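Student: Prediction below, plus the sequence it came from.
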2 protein chains.
Amino acid sequence: MVAQRPYSDLIDRLKAAGLRPTRQRLALARLLFENGDRHLTAEQLHGEAMAARVPVSLATVYNALHQFTSTGLLREVIVEPGRSYFDTNVTDHYHFFHEDSGQLEDIAGEDVRLSALPLPPKGKRIRRVDVIIRVNCGD
Amino acid sequence: MVAQRPYSDLIDRLKAAGLRPTRQRLALARLLFENGDRHLTAEQLHGEAMAARVPVSLATVYNALHQFTSTGLLREVIVEPGRSYFDTNVTDHYHFFHEDSGQLEDIAGEDVRLSALPLPPKGKRIRRVDVIIRVNCGD
DNA sequence: GTGATTGCAAATCTTTTGCACTAAA
DNA sequence: TTTAGTGCAAAAGATTTGCAATCAC
């Protein structure tokens, strides 16, 4: 059982990322980072904020998600057209995507071995390698 | 130099997929399949159709792309939020995604070795494994 | 003919934007 | 203060839908 922590951790994390720890960002950061590894859409996070009686506008949720992503606090995962998921696990890892339910599930980086990767095209640098294993319940 | 073929190939392909070879579908199939491996968005294909003086509505392009995809003539590739690419190469292979230009590039299946894959969750079947190598021109 | 297909315009959905207001430093 | 951040409502895109007109068989 981990004791309920003061928000100073998160405040420091936001500051370290160069983001002012505003009430909204702090509340969203709590929802995101105090509940283990999560995969959320903007809508879902906004819904959770509303449920937690944290008044935040959807626009602010989008802003925060993108700011968190570009400062490395989150990672964006794209598996469906027209919807982005944000992953609180920013370590090297891959995903199962459950097509039936729309759920994402982490796969530890060491559970996938990419033993041969092609060289990047000339002048290009590999930014990231995404591996998405799409699964469903038979046909 | 490959001789210009009659459309009977494509007509047969459409019929085999259970799709009536209508003027529109045939024209789109020609644009898609008579130009090598391609990665196109609906907008792009629609633009090509217009340029080729083939009057097709955007809605019909979307219909055709989805019908082609669900019958295995095309494969949908999702790399950017809010835009779908359709790949005429339906063999096993992976992709480079050029973040700077938005271009997709095929990687032959044998150029990536996935030597260890996790078991799918209970009751689930692996539908497909997507590997996307995101590259850009450094910073 | 008859059912599949098309085209158009409107609707939907997610995400972005502009700008006045508010709050953090 | 001063500048970053927020909220709202409107705008922007991509995609979808409903339905009458049209086409393939």
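Tutor: Nice, I can see it.
Student: Stretch A:101-108 and chain B, are they touching?
Tutor: Yes: judged by Cβ under 8 Å from any Cβ of the partner chain, stretch A:101-108 and chain B are in contact via A:Glu105, A:Ile107. C-beta here means a position set from N, CA and C on the backbone, and glycine is covered the same way.
Student: Quick one: mean pLDDT for that stretch?
Tutor: Averaged across stretch A:101-108, pLDDT comes to 94.
Student: what's the distance between A:Leu10 and A:Ser101?
Tutor: From A:Leu10 across to A:Ser101, the span is 30 Å (Cβ to Cβ, to the nearest Å).
Student: Which one's more surrounded, those two?
Tutor: Using other Cβ atoms under 10 Å in any protein chain shown as the criterion, A:Leu10 and A:Ser101 rank with A:Leu10 on top: 21 against 9.
Student: what's near enough to touch the more buried one?
Tutor: A:Pro21, A:Leu26, A:Ala29, A:Arg30, A:Phe33, A:Glu34 (Cβ atoms under 8 Å, 6 or more residues apart in numbering or on different chains).
Student: Output these as JSON lines; include the columns distance to B:Arg134, neighbour count and secondary structure.
Tutor: As requested, these are exported to JSON lines (distance: Cβ to Cβ, whole Å; neighbours: other Cβ atoms under 10 Å in any protein chain shown; DSSP: H, G, I helix; E, B strand; the rest coil):
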{"residue": "A:Pro21", "distance to B:Arg134": "30", "neighbour count": "17", "secondary structure": "coil"}
{"residue": "A:Leu26", "distance to B:Arg134": "31", "neighbour count": "19", "secondary structure": "helix"}
{"residue": "A:Ala29", "distance to B:Arg134": "26", "neighbour count": "24", "secondary structure": "helix"}
{"residue": "A:Arg30", "distance to B:Arg134": "30", "neighbour count": "17", "secondary structure": "helix"}
{"residue": "A:Phe33", "distance to B:Arg134": "25", "neighbour count": "17", "secondary structure": "helix"}
{"residue": "A:Glu34", "distance to B:Arg134": "30", "neighbour count": "15", "secondary structure": "coil"}
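Student: Of the residues you listed, just say which sits nearest to A:Asn89.
Tutor: A:Phe33 (10.5 Å; Cβ to Cβ).
Student: which SS state does A:Val90 fall under?
Tutor: Classification of A:Val90 by DSSP: H, G, I helix; E, B strand; the rest coil places it in coil.
Student: Please tell me how far it sits from B:Ala29.
Tutor: A:Val90 is 43 Å from B:Ala29, by Cβ to Cβ.
Student: can you give me the helices for chain A?
Tutor: A:8-16, A:23-33, A:42-51, A:58-70 (DSSP state H).
Student: which helices and strands does the longest one pack with?
Tutor: It stands for helix A:58-70. Judged by 3 or more Cβ pairs under 8 Å, 6 or more residues apart in numbering or on different chains; DSSP states H and E, the packing partners of helix A:58-70 are helix A:23-33, helix A:42-51, strand A:83-87.
Student: Apply 6 Å and report the result again.
Tutor: helix A:23-33, helix A:42-51 (3 or more Cβ pairs under 6 Å, 6 or more residues apart in numbering or on different chains; DSSP states H and E).
Student: Repeat that for the second one.
Tutor: If you count contacts as 3+ Cβ pairs under 6 Å, 6+ apart, helix A:23-33 packs onto helix A:58-70.
Student: Could I get the contacting residues of A:Leu45?
Tutor: By Cβ atoms under 6 Å, 6 or more residues apart in numbering or on different chains, the contact set of A:Leu45 is A:Val61.
Student: Sketch out the low-pLDDT regions of chain A for me.
Tutor: For chain A, the stretches with pLDDT under 70 are A:1-6, A:139.
Student: Give me every residue in it lying close to chain B.
Tutor: A:78, A:81-82, A:84, A:107, A:111, A:113, A:115-116, A:118, A:120, A:124-136, A:138 (Cβ under 6 Å from any Cβ of the partner chain).
Student: Please list which of those residues are also close to DNA strand D.
Tutor: The subset of those within reach of DNA strand D, counting by Cβ under 7 Å from any atom of the strand, consists of A:Pro81, A:Gly82.
Student: tell me which parts of chain A are close to DNA strand C?
Tutor: Residues of chain A lying near DNA strand C (Cβ under 7 Å from any atom of the strand): A:15, A:20-23, A:41-43, A:58-59, A:62-63, A:66, A:82-84.
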